[in-house]
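Peer 1: okay, here's the prediction I keep looking at, along with the sequence it came from:
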Amino acid sequence: MIFRAGHFKFAFPRPALLMGIVNVTPDSFSDGGQFATTEAAIAHARQLAADGAEIIDIGGESSRPKAAPVSEAEELRRVLPVIEGLAGKITAAISIDTVKPGVARAAIKAGASIVNDIAANRADEEMWRVVAETGAGYIAMHMQGSPQDMQVNPVYGDVVTEVGDFFGERLSRLAACGVHAEQVALDVGIGFGKTVEHNLQLLAGLRHFTKWGRPLVLGASRKSFMEKLLGAKTDQRLAGSLACACWGVEQGVQIIRAHDVVETRQAVRMTEAVMAAH
């Protein structure tokens, strides 16, 4: 299985890719404001790459529940200097975490190779045409609703089946827009329009999604369902995040999106070593 993203080519099976998170925002749920300046964001990204992240995911708009959207101009002001400051200076692929086609196009021009789209539930095809035209990698994430309303009352008949059906339908629409299957990775969207029970069911059913033959991305790092389940505040969720990462790798996930790259890398590599010895 191949995942192509610009000039990057990731061939699986191989050790799971770690995707380090850089929030260039004042209001993200985990580290809002900590890396809001260009200098701080670039330094953090370089450290994540040195720690073992092979993808650096840069976002300029918070997607936490009820987060206020920002304008395209403001999002570009936040992320473009960071991407330009990293492109060609790190070996990791750069991902742009955005729902705006204009931001995606500008980010790719500046040096990004992957579009991480939490709004893959979109009806409009412009984002997919950007991906097709540029050859960027594309992470299609499942979300019910939007960040503004996704946690109001998420309802599913069978969340695993419905997310799987969504992936099948998206892959067809992406292909119709000229996006090759090798450009696409799939993310079940932990915490995006899901209750605690929905999140647990998706984690338990991760292997179900391998049938599409595309890399799976898991982004459970520091998510709020851990507080509801374990009573863990944001800065106390490392253990729960590592448990999800290790479980995900055992269930067939190829890309782990994480805040804590050093710890996640150790945990995942140990899991892989045990799996290889089985």
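Peer 2: Here it is on my side, so go on. Numbers count the residues shown, from 1 in each chain.
Peer 1: low pLDDT regions in the stretch 1-150 of the chain?
Peer 2: The stretch 1-150 of the chain contains residues with pLDDT under 70 at 27-36, 65-67, 145-150.
Peer 1: go on, the stretch 151-278 of the chain?
Peer 2: Along the stretch 151-278 of the chain, the model assigns pLDDT under 70 to residues 152.
Peer 1: recalculate using a threshold of 90.
Peer 2: Segments of the stretch 151-278 of the chain classed as low confidence (criterion: pLDDT under 90) are 151-155, 193, 223-224, 229, 232-236, 278.
Peer 1: where do the strands of it begin and end?
Peer 2: In the stretch 151-278 of the chain, strands defined by DSSP state E, counting those that start in this stretch lie at 184-187, 216-218, 255-258, listed in chain order.
Peer 1: among these, which is the most enclosed?
Peer 2: Burial of the strands of the stretch 151-278 of the chain is given as mean neighbour count (mean count of other C-beta atoms under 10 Å); strand 255-258 ranks first at a mean of 28. Bear in mind the C-beta positions are built from the backbone N, C-alpha and C, glycine included.
Peer 1: partner strands of that one, with direction?
Peer 2: Strand 255-258 has these partner strands in its sheet, going by DSSP bridges: strand 17-23 (parallel), strand 216-218 (parallel).
Peer 1: minimum distance to residue 233: which of the ones you listed has it?
Peer 2: When these are ranked by proximity to residue 233, the top entry is strand 17-23, at 17.8 Å, counting by C-beta to C-beta.
Peer 1: pull the distance from that closest one to the chain's centre.
Peer 2: Here strand 17-23 shows a centroid-to-chain-centroid distance of 8 Å under the convention C-alpha atoms, centre = their mean, to the nearest Å.
Peer 1: next one: stretch 189-205
Peer 2: Per C-alpha atoms, centre = their mean, the displacement of stretch 189-205 from the mean C-alpha position of its chain is 15 Å.
Peer 1: how about it: buried residues?
Peer 2: Counting neighbours by 16 or more other C-beta atoms under 10 Å, one finds that the buried residues in stretch 189-205 are 189-195, 198-199, 201-203, 205.
Peer 1: go on, stretch 45-52?
Peer 2: 45, 46, 48, 49, 51, 52.
Peer 1: in helices, which of those fall?
Peer 2: 45, 46, 48, 49, 51 (DSSP state H).
Peer 1: tell me which residues touch the last one, please.
Peer 2: In this case it means residue 51. Counting by C-beta atoms under 8 Å, 6 or more residues apart in numbering, residue 51 touches 20, 261, 262, 265.
Peer 1: next one: residue 90
Peer 2: For residue 90, the residues meeting the contact criterion (C-beta under 8 Å, 6+ apart) are 45, 46, 49, 56.
Peer 1: measure it to residue 178 for me?
Peer 2: 29 Å (C-beta to C-beta, to the nearest Å).
Peer 1: distance to residue 112 for the buried residues of stretch 45-52 - can I get that in a markdown table?
Peer 2: As requested, those are arranged in a markdown table below (distance: C-beta to C-beta, whole Å):
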| residue | distance to residue 112 |
| --- | --- |
| 45 | 12 |
| 46 | 16 |
| 48 | 15 |
| 49 | 14 |
| 51 | 20 |
| 52 | 20 |
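Peer 1: alpha carbons only: can I get stretch 101-109 in PDB?
Peer 2: Below are the C-alpha coordinates for stretch 101-109, written out as PDB (Å, rounded to 0.1, in the frame of the first residue of the first chain):
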ATOM      1  CA  PRO A 101      -9.400  25.300  -0.400                       C
ATOM      2  CA  GLY A 102      -7.700  28.700  -0.700                       C
ATOM      3  CA  VAL A 103      -5.600  28.000   2.400                       C
ATOM      4  CA  ALA A 104      -4.800  24.500   1.100                       C
ATOM      5  CA  ARG A 105      -3.700  25.800  -2.300                       C
ATOM      6  CA  ALA A 106      -1.500  28.600  -0.800                       C
ATOM      7  CA  ALA A 107       0.000  26.200   1.800                       C
ATOM      8  CA  ILE A 108       0.900  23.600  -0.900                       C
ATOM      9  CA  LYS A 109       2.500  26.400  -3.000                       C
END
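Peer 1: which one among the buried residues of stretch 45-52 gets closest to residue 223?
Peer 2: residue 48 (18.7 Å).
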